[in-house]
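> okay, structure incoming, though there's no sequence with it:
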């Protein structure tokens, strides 16, 4: 697999207890044996979750050899808070970040100073220049809040017109959605690397929850195949083979890399990588 892709990366989310932090550190060390370019850390702008995010970034930076790339989402944040967060990352040597808009809050909560990801990008470049290597988010199946796919791609290409290195996609299960998205972006002159994100899954429930949460379409044949299994162990094996096949097709068609949404679990991600090797 490493001969076929330029980057391999893994996403973790911040644990909320000391014991689960130790578990995550052990997990990250397991992934060190794979030549990953970086570990990304998800972001929450809510109160104590901001501290959990920073603690996770700092702990993994001190405990693993793989570079850490924290995510920052603009919705709900003001400019002073963003500058403070990124200044702390700079102090501990973080060089790469992922910049997203984030989910819209309930109507009772403020959107903050950054309505769109491009607003956050412009602020970061204004305050930090080109210190950070930045990647942004992409939605091959269209952002859930977009009016239509053409508008969505135009907004995406506007983000990519900034001095960013590339993008990482939301996970998907239909490779044609990714390739169609790439073609449409290229038609607008947007040719920076767009790394596909994939979600290894272990159960039908896990798959349904994550797909609903992220607005990702489940192919009919995938649902039918899963419904044909009664044993959870068989579902897990099927999931490994399904995602392995998806990743192999992506690699065979020259994608710049693969980004794994691990859900803070070693398996099935590592099994999938072993199957690819």
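Received it, and whenever you're ready, just let me know what you need. Just so it is clear, the structure is predicted and the values come from calculations on it, not from any experiment.

> what about the strands in the stretch 151-277 of the chain?
Secondary structure of the stretch 151-277 of the chain by DSSP state E, counting those that start in this stretch: the strands cover 166-171, 194-198, 257-261.

> in CSV: those, plus distance to residue 140 and mean neighbour count.
All C-beta atoms are positioned from the backbone trio N, CA, C, and that covers glycine. Supplementary listing: the strands of the stretch 151-277 of the chain in CSV, determined by distance: least, C-beta to C-beta, whole Å; neighbours: other C-beta atoms under 10 Å:
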stretch, distance to residue 140, mean neighbour count
strand 166-171, 5, 22
strand 194-198, 8, 24
strand 257-261, 13, 23
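
> any chance of the ones you listed in TSV with distance to residue 156 and mean pLDDT as columns?
Below are the strands of the stretch 151-277 of the chain laid out as TSV (distance: least, C-beta to C-beta, whole Å; pLDDT from 0 to 100):
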stretch	distance to residue 156	mean pLDDT
strand 166-171	8	98
strand 194-198	9	98
strand 257-261	16	97
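
> reformat the ones you listed as a markdown table; add distance to residue 74.
Converted to a markdown table, these look like this (distance: least, C-beta to C-beta, whole Å):
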| stretch | distance to residue 74 |
| --- | --- |
| strand 166-171 | 16 |
| strand 194-198 | 20 |
| strand 257-261 | 20 |
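
> residue 80: which of these is closest?
strand 166-171 (27.3 Å; C-beta to C-beta).

> distance of the nearest residue to residue 157 once chain neighbours are set aside relative to residue 61?
Excluding its sequence neighbours, the residue lying closest to residue 157 (C-beta to C-beta, 6 or more residues apart in numbering) is residue 190, at 4.1 Å. Distance from residue 190 to residue 61, counting by C-beta to C-beta, to the nearest Å: 32 Å.

> what stretches of the stretch 101-250 of the chain score poorly on pLDDT?
Along the stretch 101-250 of the chain, the model assigns pLDDT under 70 to residues 105-109.

> give me the angle between the helix ranked longest in the chain and strand 194-198.
Criterion DSSP state H: the longest helix present in the chain is helix 232-252. Between the direction of helix 232-252 and that of strand 194-198, the angle (axes from the mean of the first three to the mean of the last three C-alpha atoms, to 10 degrees) works out to 170 degrees.

> just how off-centre is helix 232-252 within its chain?
Here the centre of mass of C-alpha atoms in helix 232-252, compared against the chain's by C-alpha atoms, centre = their mean, to the nearest Å, lies 19 Å away.

> same thing with stretch 116-132?
For stretch 116-132, the distance to the chain centre is 19 Å (C-alpha atoms, centre = their mean).

> measure the residue at the greatest distance from the centre of the chain to residue 148 for me?
Going by C-alpha atoms, centre = their mean, the residue of the chain most distant from its centre is residue 230, 30.6 Å out. Distance check for residue 230 against residue 148: by C-beta to C-beta, it reads 40 Å.

> just list the residues touching the residue farthest from the centre of the chain, thanks.
When contacts are counted by C-beta atoms under 8 Å, 6 or more residues apart in numbering, residue 230 is found next to no other residue.

> could you do residue 211 as well?
Applying C-beta under 8 Å, 6+ apart to residue 211 gives the contacts 217, 218.

> what does residue 133 give?
By C-beta under 8 Å, 6+ apart, the contact set of residue 133 is 95, 96, 97, 165.

> list phi and psi for it.
Note on residue 133: backbone dihedrals following degrees, to the nearest 10 are phi -80, psi 120.

> what sits against the residue nearest to it when sequence neighbours are not counted?
With C-beta to C-beta, 6+ apart as the measure, residue 96 is the residue that lies nearest to residue 133, at 4.4 Å, once sequence neighbours are left out. Taking C-beta under 8 Å, 6+ apart as the definition of contact, the neighbours of residue 96 are 38, 67, 68, 69, 132, 133, 134, 135.
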